[in-house]
Structures are given as C-alpha cells and as structure tokens.
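**Q** Got a predicted structure plus its sequence, pasted below:
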Amino acid sequence: MGPKRPLRQSPTGGLLAGPRAPTYDHGMAATETDDDLKQALARHQAGDLVESERLFRRVLDAEPRDPVALHHLGVIALQQQRGAAAEAWLAQAADAHPEDPRIQFHLALALKALDRTDAAAAHYERAVALAPGFADAHVNLGNLRRAQDRLDDARASYERALAAAPGHAGAHNNLGTVLRELGDAQAAVTSHRRALAINPRHAGAHGNLGNALVALGRIDEAIAHFRQALALAPDLPSTHLNLAGALRQINDLDGAAAELRHARTAAPDDAEVLSQLVHVLQGLCDWDGLDALQAELVTAVEHGRVAVPFTLLSLPSTAAQQQVAARAWMAQAVAGARPIAPAGPRAGSRGNAPIRIGYLSSDYHEHPTSYLIAELLERHDRGRFAIHAYSTGPDDGGPSRQRVIEACDGFVDLAALSHEAAARRIAADRIDILVDLNGCTAGARPRILAHRPAALQVNYLGYPGTMGAAFMDYIVVDPVVAPPEDQPWFDERLVHLPHSYQVNDSKRPVAPDRPARVDVGLPADGFVFCCFNSPYKLTPTFFAAWMRLLAAVDGSVLWLLEGTASGSDRLRRAAGAAGIDPARLVFAPSVRFPRHLARQPLADLCLDTLPYGGHTTASDALWSGVPLVTCRGPTFPGRVGASLLTALDLPELITPTLAAYEGLALALAREPARLAALRARLAHHRAVKPLYDCARFTRDLERAYAAMMARHDAGEPPAPIRIEPS
C-alpha cells in the first residue's frame, strides 16, 4: 500500500488569472464627461492601479454612487488581493447598478476569494441570468460547483459556456476534468483534445489529458502529454507531480524522483511535493541527505502545511504529528463536501433487522487487503448482519475479487461514479456501518465518506493511524497497536478488539510447487535472514544492524524484496561499505501471492523494520512458520509485529530496543536448537492461538459492530469500546 494523493488538476481555463479592468461605453453615465473618470479608466486599462484608484476615489467624492467608479475600485482591490475591500466596493456597485452582469461576476470573484462560496455562486448565477452568453461566468460557476462536489451541476455550467462560446478552450478543458471525475474518462479525453484543437499550446489541457489517460490505464500516452505540458509551462509543479505519479505506475522511481525535484524547485514550500519526494527516495533506498528532508517535512507538517499523511508513517514522527498531517490533508481532500440526507436509519428505528455493514475499498483485486479480509466476509453471521462490499478500484478479474464478490450479499462497483453519486448509492442500501478499508492510502476516496452515507463510519485495516476526519466515528485497533492512552491522537473513538486488530485468512492459497532454495537464488546451506517489507520501510539504522548480523553469522544471507534496480544497487553498495560481500544480499522478485507463500518457509528468521514495520508481510511470515523478530515502535505502524506476536503468545520475540532486537536475532541464528524449538511452538500456536482463528475474530468484530450500533440506536454519541475475550 502506498501514499494516496489525488491528482492535481492543471490550471483551469475559466478562472481569470487576474481580474481584468472592465470596459464601458462612455455614454452609459452622466459622469463620463468628467475628466477624472476618463483619466481613471485610462490609467486602470494601462495597469496603473495606484493612480487609477486615486482618480476613481475623486470621482466618488463628487458622485458617491457612480457604478463605474465603484466597480473599478472593486476590481482594483481584487487585483491587489484585498478581498474584503473588493467585496465592499462591488456590493455598492451592484446596488447602484444591479443589472450589470460584469459587476455580478467580479463580486462573485471577491466572495470566492473570501471563501464565501455559496454567496459567490449566487452572484455567478445572477450574472448568467442577466447575460446567458457570459461564458466566463458559466465556467467559474462550474468551477465552484465542482469544488462543492456537485459534478453534474458543474458539467451543465461548462456545457452552457460552450453553447455560448464553442471556441472556449478553457471550458472544454474544464468539462473534460469534470467528466473524468464523473467516471467517463473516455469522454474526458475527447473534451481535452477539443481544447487542444482550439489551442495546441494550452499546457493545462495537455496536463489534464494526461490525467484522463492515466485513468484509462494508458500510462505511456499520459506521460507524453505531461511532458508536452511541461515543454509549454516548465514551472508547473502540478504537472511535475502528476508526471511523477505516472512514472511511479511503471515503477520508474528514478524518473519520478527527478520530476519531484523539479516540482520542488518550482514550489519549494509545497509540503505535498516534499512528502512525495521523501517517499520515492525511501523506495529507492536513496538515503543520502534523506534525514534532512524528513526533518524538514515534519517541521512543515507542524506548521500546518498539507503533506501526504502516509509518508509520515514511515519516518521518525510522533502520533501527534501524524494526526496533524492527517487532519490537514483530509480538510483539503474533502473541502466543500456536504452530508447527504438521510444517512441510514434513525436511531432506534431498525428494530430486529440485521445490521447492514458496508466495506468500502479500492483494493478488491490481487492486493493484501483482499488477502486478509476474504474469510471475514465469508464468516459473518448472516442472521445478524447483511454484508455489502463497495469497490472503488480496478477490476482485475482475479480470484481474490471473485472470492469477495461471492462472499457478500451485495457487491457494487462504484469506480465510475462521482463521490456524491457513490455516497448516494451506499445510502440507498441503507447501510448502518460503513467500514473504510483505505484510510489515507492509495485509492482512497474520503469524499464519499465526507458525504456521510451511513449512520456510523469506521476506519479499519488499510491505514494504521487516524484519518483526522470528524466524519469517521470509530477505528478498530487492539491494546498493543493503540493502547487507551493513545486516544488523544485519534479523531475516531478507539474500538479495542481482545487480540490482534488484524484479520487473517486461514485459507490462504499456497502454490503446490514448493521451490527449493536453489530455485530462488538462495544458498543450499547457511542461515537465511529475510525481510519482505517494501523498500520504503528500510532504513539506514536497521540495515546497519542487519549488516552486523551478516558479519557475525558465517555463511548467512539477507533475503529482501526486490524493488527498483537502482535501489537494489544502492543496498549492495551499502553492504560493501559495511564490509559485507554484496552477493550476500539476495533479492526476491514480486510474484503472485500463492507463489510467495510457497517460497516464504525457505527463510530461517524474519527481521522487522521501524518506524513502519511489516503488516501483511509479517503475518505471512508467521503463517508460513518463520519466526519474526520485531522491535516495538512508538506509533501504530511500528507496533503491528508486536500485536501479531502477542496474539500468537510469542512475546519473547518482541524487543524494546534496537540493541535487544539485534541481540535476539543473533542468538537465534547461533543457536539452532533454540530456533527449532521456537519454530515448533510457532507451528503449534498458529493452530490454537487467536491470530489465525478467523471464526473467533469474526465473532469479536461482530460484537464490536453490535456495541457501536447499540450506542447509536440509544441516541448516544460514539465512545471508546473495549471487547473482552470471549
């Protein structure tokens, strides 16, 4: 799972770069013969804001309600980014001359600058009522409606703009953007191409065409258009950012890093760009100067700048800092979204009807979330619960997706719907508890949740931290990953399950052809340490400890997940610098899940990471019979290994410090009998302890859902819930 970042749109064509000086027929008012007014108009058209303001004020000394002077003073204030003054002048102008659509248009701009979007929309509507052919007003109204997630209204406004001005490239561009957000990426491509036919040098249209092509999976074409956009406007950070995202999809992290560095040059204070760059550099194991960038990112978050919160989880940060990052990112991601009504049944109105649970995810395909949750969906008590799944991600036609579909009472693909339309579809199913399996990870659509389609909304499994959202009621945790004293750092109420919070599938499919060590590049003899965590979780500190282990255990190797070629080369160079033969690092290519489970038992000992430890990879290793040594971290993402081992009743594998972690791993590697006994205990505990007992887990989670619903039905607000062992 990777960080989620909504695509940034390239600059829209309808918004004025700066309010233009309005032009008037000088016969419209008696004061036009006044020299001051003529001179003021001329100075404003020439761009001399200071002198023109002085002259317009002198006009008002003689004629306080002159609409031309009032209008221009308002526009000057807009050009100087003085929103409150602009609104005051333009409101007077509108009162003096209520039938002028240009005054209404500029008053709307002033109100928008003050974040008074409803009032701004009303004045745009007044402008187009007075002048139905006012294309820019239609476009700006469309932009407002789009920001409010009223995508159908936005589309209608853009279409009206084009009816009035078919050659309006900005309207075509913006229509394409909203069509993509409505789920029709192919129509979006057509609209952006029309914009480019009118203006081939429209950088924004090239960039937004790239976004639409990404949505269609046509990554190479998208990259070409992002590059064309940058050839026309090299300093657009949004385009560098989107190009970096496309390059990441083809695993060109080196190219993505280069684009993010360009974006950082263009926007040095943009914390989102910085957070993306940090994450990509982590994925490349490019640690040179990374500490300074990470510290800069944490400082930026503390100062309220918006960064990708997922990145904070994998660098030294506190739970409080992670919460600040989530809140800022979420506020931007859901700005303008409003609850729909009704949001599920009213308190106490359900009677004895089954509790209707909806699981919302972008990961119903070959993905760790589907691997973990499939059996839970199958085991829910259908006498007490009705289970629905809502997919916002791709349909790969694979076995995991099919298993989820067959496990649910209803499965709905929402991928092609807008956020509001998706929320209304969920609300139509009268879902009682909507469980979000994404949080702030790749594919997340928090605006659906911001529309409040369900009575209760729960953060679970996909994101190890708070979503920072007032519209999320609960988060499912356990006493290890989030003890009760951590409640202040979660905006959701903590729901403590009695064992590990992580659901696990006891029916994991394992490929029948189990490989030998030689088949996967491992030595036939010798100790095999392994870590299959994603490369972005690897840190210089833990890697140095691993190199010390290799130095201390003759003939041992370290088996790692293969990332990029350059990342693997950096790790080999780091090994060499530590005095370790680089050949003792063995890289495992990504394979399908059953094949991975078949090769995992070839390792002797699994080594965890911090500050972000193994989650699914850790439970996979333990399921495969490979002991895991973990170091308990300071926050949720670094405590999952400890949670899993606690549920398996193997606390001796949880260490409090890096020194203890390294010492335990070395002892187990040097004491074959001790390790063999530990593996035997692990094999026994896997069968009898709670971690892989999905039936028991399901009953515990259902008790949690019932407790949440009971509070709601009683009209009580969400509160912390603790489920005792059954």
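**A** Arrived safely.
**Q** Residue 630: helix or strand, and which one exactly?
**A** In the assignment (DSSP states H and E), residue 630 maps to strand 628-631.
**Q** what's the helix or strand following that strand packed up against?
**A** Scanning forward in sequence from strand 628-631 by DSSP H and E, the next helix or strand is helix 640-647. In this structure, helix 640-647 packs against helix 616-623, strand 628-631, strand 654-655, with contacts taken as 3 or more CB pairs under 8 Å, 6 or more residues apart in numbering; DSSP states H and E. From N, CA and C alone the C-beta is placed, and that goes for glycine too.
**Q** Please produce TSV containing those, extended by distance to residue 300.
**A** What follows is these, written out as TSV (distance: least, CB to CB, whole Å):
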stretch	distance to residue 300
helix 616-623	30
strand 628-631	28
strand 654-655	32
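**Q** export the ones you listed to CSV and tack on mean pLDDT and mean neighbour count?
**A** As requested, the helices and strands packed on helix 640-647 are arranged in CSV below (pLDDT from 0 to 100; neighbours: other CB atoms under 10 Å):
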stretch, mean pLDDT, mean neighbour count
helix 616-623, 97, 25
strand 628-631, 98, 26
strand 654-655, 98, 21
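**Q** in the stretch 251-400 of the chain, which spans are strands?
**A** In the stretch 251-400 of the chain, strands defined by DSSP state E, counting those that start in this stretch lie at 355-361, 385-391, listed in chain order.
**Q** Oops, could you answer that again for the stretch 551-700 of the chain instead?
**A** Counting by DSSP E, counting those that start in this stretch, the stretch 551-700 of the chain forms strands over residues 557-561, 585-588, 605-607, 628-631, 654-655, given from the N-terminal end onward.
**Q** who's in contact with the first one?
**A** The set of residues external to strand 557-561 that reach it, using CB atoms under 8 Å, 6 or more residues apart in numbering, is 522-523, 526-535, 538, 546, 549-550, 571, 584-588, 590, 602-603.
**Q** Repeat that for the shortest one.
**A** Around strand 654-655, the neighbours that count as contacts under CB under 8 Å, 6+ apart are 629, 630, 631, 632, 641, 642, 645, 646, 661, 664.
**Q** Would you confirm that residue 85 contacts residue 79?
**A** No: using CB atoms under 8 Å as the test, residue 85 is too far from residue 79 to be in contact (11.1 Å).
**Q** Any stretches of the chain with poor pLDDT?
**A** Applying pLDDT under 70 to the chain picks out residues 1-34, 342-350.
**Q** can you do 50?
**A** Low-confidence segments of the chain, defined by pLDDT under 50, span residues 1-6, 11-18, 24-33.
**Q** per the record, what domains does it have?
**A** Segmentation of the chain into domains, based on automatic domain parsing, reads 30-249, 355-496, 517-692.
**Q** between these, which one is nearest to residue 294?
**A** Of all the domains of the chain, domain 517-692 sits nearest to residue 294, with 10.1 Å by CB to CB.
**Q** State the distance spanning the first to the last residue of that closest one.
**A** One end of domain 517-692 sits 27 Å from the other (CA to CA, to the nearest Å).
**Q** Isn't residue 638 up against residue 610?
**A** Yes: using CB under 8 Å, residue 638 is in contact with residue 610, at 4.8 Å.
**Q** Find residues that contact each of those two.
**A** Here residue 638 and residue 610 have residue 631 as joint contacts, going by CB under 8 Å, 6+ apart.
**Q** give me every residue that touches the nearest residue to residue 630 once chain neighbours are set aside.
**A** Nearest residue to residue 630 in three dimensions, chain neighbours excluded: residue 641, at 3.2 Å (CB to CB, 6 or more residues apart in numbering). Neighbouring residues of residue 641 by CB under 8 Å, 6+ apart: 608, 613, 614, 618, 628, 630, 632, 654.
**Q** what's the answer for residue 81, then?
**A** If you count contacts by CB under 8 Å, 6+ apart, then residue 81 has residue 113 around it.
**Q** can you give me phi and psi for it?
**A** phi 60, psi 40 (degrees, to the nearest 10).
**Q** same question, residue 304
**A** Geometry field for residue 304 lists phi and psi as phi 90, psi 10, criterion degrees, to the nearest 10.
**Q** okay, now it: neighbour count?
**A** 10 (other CB atoms under 10 Å).
**Q** before we move on, what SS does residue 417 have?
**A** Each residue gets one of three states, and residue 417 gets coil by DSSP: H, G, I helix; E, B strand; the rest coil.
**Q** Surely it is in contact with residue 181?
**A** No: Residue 417 is beyond contact range of residue 181, at 10.0 Å (criterion: CB under 8 Å).
**Q** more crowded one of the two?
**A** In this comparison of residue 417 against residue 181, neighbours counted by other CB under 10 Å, the higher total goes to residue 181 at 24 against 21.
**Q** ok, the more buried one to residue 229 distance?
**A** 19 Å (CB to CB, to the nearest Å).
**Q** same thing with residue 451?
**A** If you go by CB to CB, the gap between residue 451 and residue 229 works out to 32 Å.
**Q** How about residue 188?
**A** The spacing between residue 188 and residue 229, counted by CB to CB, is 15 Å.
**Q** And for residue 677?
**A** On the measure of CB to CB, residue 677 and residue 229 end up 61 Å apart.
**Q** More neighbours: those two, which one.
**A** The neighbour comparison of residue 677 against residue 229 (other CB under 10 Å) goes to residue 229, with 27 against 11.
**Q** did I read that right, that one in a helix?
**A** Yes: the secondary structure assignment for residue 229 places it in a helix, going by three-state DSSP.
**Q** Excluding covalently adjacent residues, which one is nearest to residue 678?
**A** In space, residue 678 is closest to residue 627, 5.2 Å off (CB to CB, 6+ apart).
**Q** What's the local residue count around that neighbour?
**A** Residue crowding around residue 627 was assessed by other CB under 10 Å; the count is 23.
**Q** Quick check: it touching residue 677?
**A** No: no contact is recorded between residue 627 and residue 677 when judged using CB under 8 Å, the distance being 10.4 Å.
**Q** coming back round to it: which of the strands of the stretch 551-700 of the chain sits closest to residue 158?
**A** Minimum separation from residue 158 across the strands of the stretch 551-700 of the chain (CB to CB) falls at strand 557-561, 45.4 Å.
**Q** The closest one: how far from the chain's middle?
**A** In this view, strand 557-561 has its centroid 30 Å away from the chain centroid, taken as CA atoms, centre = their mean, to the nearest Å.
**Q** Give me the sheet partners of that strand and which way each runs.
**A** strand 528-531 (parallel), strand 585-588 (parallel) (DSSP bridges).
**Q** Leaving out the residues flanking it, which one is nearest to residue 304?
**A** Setting aside the residues directly before and after it, residue 304 is nearest to residue 328 in space (CB to CB, 6+ apart), at 6.2 Å.
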